[in-house]
Every structure is written in C-alpha cells, then in structure tokens.
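Colleague: mind folding the following:
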Amino acid sequence: MSEDKITFSFGANWQDFLKHANERVITGARADIEKWLGESNVKGKRIVDIGCGSGVHSWCYHLMGARELVSLDVDPNSVAATTRCFEQAGKPANWQVLHGSVLDTNFLAKLGTFDIVYSWGVLHHTGQMWPAIENACTLIAPGGLFWIALYVKGPNYQRDLELKQRYNRAGALGKWWMERKWINGLMWKRLKKGKNPFNWNRKKERGMNTYHDLVDWLGGLPYEVVSVEDIRDFCGKHGLTVERVEEHGEGANHIFLLRRAK
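Modeller: Next comes the predicted model:
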C-alpha cells in the first residue's frame, strides 16, 4: 500500500472505547457541549454530527433535546459504534445514523441544512481537508453554528506524519510496542511529579480517556493541519464569522465555533 493510501480505522478504536464507557463518559461529553453551545442552543435544533465516531456526542445531543439528529461516518465501524448508542437510547425516531462521506456531495445534498453542524477532530482525517470543510459548510442553515476542531499547524508536521505512517505499517506487536513506549513515558512523567504512575489512563475532557486518545493520535491517517489564520481567511470567503476560538499547541486541536450570517 502506498504511503498516501494508508488509513486508520478510527471506528475500531471507538468500538473498543465503548466497551469501557460508563455514565462518566456521557457526563464528560455533555459538559463539553454545554461549555461550547449551552443547552438552550441545542434543545429544539436540527443537528448533524459529521464523523460521529463513538456516537457518544450524538447521544448527548439527543439527551439535550435536539429536535432532529443526523449522525454520519464513512467508517463502518464508527457507524456500528454510533448505532449501539442509538439502540441504547431506545432507537428514537428523530435520530438517524447514516453511513456516508462528507466528501460525497450527492449524499450531503439529500440531508438539507442544520442549525448546528458539528465535526470534532474529523475533517483533517479525510485526505481532502479543505474540500471537506467546504462541503460541511453547505449544511449550515442561515444563522447556524459550525463547531469544528482541527489539528494545529506547526514545525513538527512531517515528523508526526512519519510517526503515524510507521504505526499504521506496523503489525500488532509493533503497534503494541509503540503504544507501550508512549505509556512508559506518561508513567515516568507522573512518577517525577510524585504521582501514581499506574494511574496514567485518566479520564479526559469530552468523555475520552488517555489510552484511546493515544491510539487515535498514533493511528490518525490521513493527517492535515491548520492555523487559526487559515480558518479566519476561510471564514471571510464563505460568509462565516468566528464566534469563539480555543487555541492549542501542535499535536492538539484548535477549536472553532463559527456562525453563518442570517
């Protein structure tokens, strides 16, 4: 397989994550939505979750009173993971789980527009990030919100890309060894700070945990990056304004909340 064709099944990682998910996961994911949107901006709204992954955030949108919810992902494993959440929620009639790509304009054209278009840490993994962002924008209703997270542009891009390629080329033992090296590093850092090194697999914001976040990072191909200025320039050309930005360092995501003019 050529380097530019190497991809990673995020859905397989999400399915494994759900085996260990509990009420705290839902609570963490919901708190993140409330922090960025507020429950009043979710209740009664039409929402699409592009790259729904585990389905946990879609489930939270449902619990928070979304009028209509569409969850979509190109990875069948992610569709299966989200379908599990959908079934646990009682298969609500106002929630659809679809297998489809943000790069498929014919598929997107059938969905209509939404009050909230949500895509967290997804569009930079499509292999065509800017077309994916533009396609997602077509789903934003007048006055609607676009909440996205994208990997940060920085000087270590080539190094990180090569790391991800090595991980995806490796066999099961090789992947285990690369993960273990990172975990040992995390344990050593905790030990130096006087913390319990064996308590490294911490719950994180948005309902994630350290281990599955690590696998997501190591495996995440395709892989593209942006700067805050890139998104501001993009907004100026597409009728969007920046309502809020949370900037982070390289290796993490910048988080953007954008709004389409009415």
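Colleague: show me where the stretch 151-262 of the chain dips below the pLDDT cut-off.
Modeller: Low-confidence segments of the stretch 151-262 of the chain (pLDDT under 70): 200-208.
Colleague: the strands in it, which residues?
Modeller: With DSSP state E, counting those that start in this stretch as the criterion, the stretch 151-262 of the chain has strands at 240-246, 253-260.
Colleague: mind checking how far Thr210 is from Asn41?
Modeller: In this structure, Thr210 and Asn41 are 30 Å apart, going by CB to CB, to the nearest Å. Placement of C-beta: from N, CA and C, glycine included.
Colleague: could you do Asp230 as well?
Modeller: In terms of CB to CB, Asp230 sits 26 Å off from Asn41.
Colleague: try Met187
Modeller: Taking CB to CB, one finds Met187 at 40 Å from Asn41.
Colleague: as a markdown table, the strands of the stretch 151-262 of the chain with distance to Ala93 would be great.
Modeller: Formatted as a markdown table, the strands of the stretch 151-262 of the chain follow (distance: least, CB to CB, whole Å):
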| stretch | distance to Ala93 |
| --- | --- |
| strand 240-246 | 31 |
| strand 253-260 | 28 |
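Colleague: okay, those, which one's buried deepest?
Modeller: strand 253-260 (a mean of 20; mean count of other CB atoms under 10 Å).
Colleague: show me what it is packed up against.
Modeller: Judged by 3 or more CB pairs under 8 Å, 6 or more residues apart in numbering; DSSP states H and E, strand 253-260 is in contact with strand 140-151, helix 228-237, strand 240-246.
Colleague: nearest to Lys35, out of these?
Modeller: strand 240-246 (9.8 Å; CB to CB).
Colleague: got the domain boundaries for this protein?
Modeller: The record assigns the chain these domain ranges, following automatic domain parsing: 9-153+223-260, 157-219.
Colleague: so which of the ones you listed is the most packed in?
Modeller: By mean count of other CB under 10 Å, the domains of the chain have domain 9-153+223-260 as the most buried, with a mean of 18.
Colleague: now do that one: distance to the chain's middle.
Modeller: 7 Å (CA atoms, centre = their mean, to the nearest Å).
Colleague: doesn't His254 make contact with Val245?
Modeller: Yes. Assessed by CB atoms under 8 Å, Val245 is found in contact with His254 at 6.7 Å.
Colleague: hmm, who's touching the helix ranked longest in the chain?
Modeller: Using DSSP state H to define each element, the chain has its longest helix at helix 172-192. Helix 172-192 is contacted from outside by 166-167, 170, 196-200, 210-211, 214-215, 218, using CB atoms under 8 Å, 6 or more residues apart in numbering.
Colleague: identify the residues contacting stretch 56-63?
Modeller: Counting by CB under 8 Å, 6+ apart, residues outside stretch 56-63 touching it are 18, 21, 25-26, 29-30, 32-33, 42, 47, 49, 52, 69, 71, 82, 85-86, 88-89, 92, 94-95, 97, 116, 118, 120, 206-207.
Colleague: alright, that wraps it up for me.
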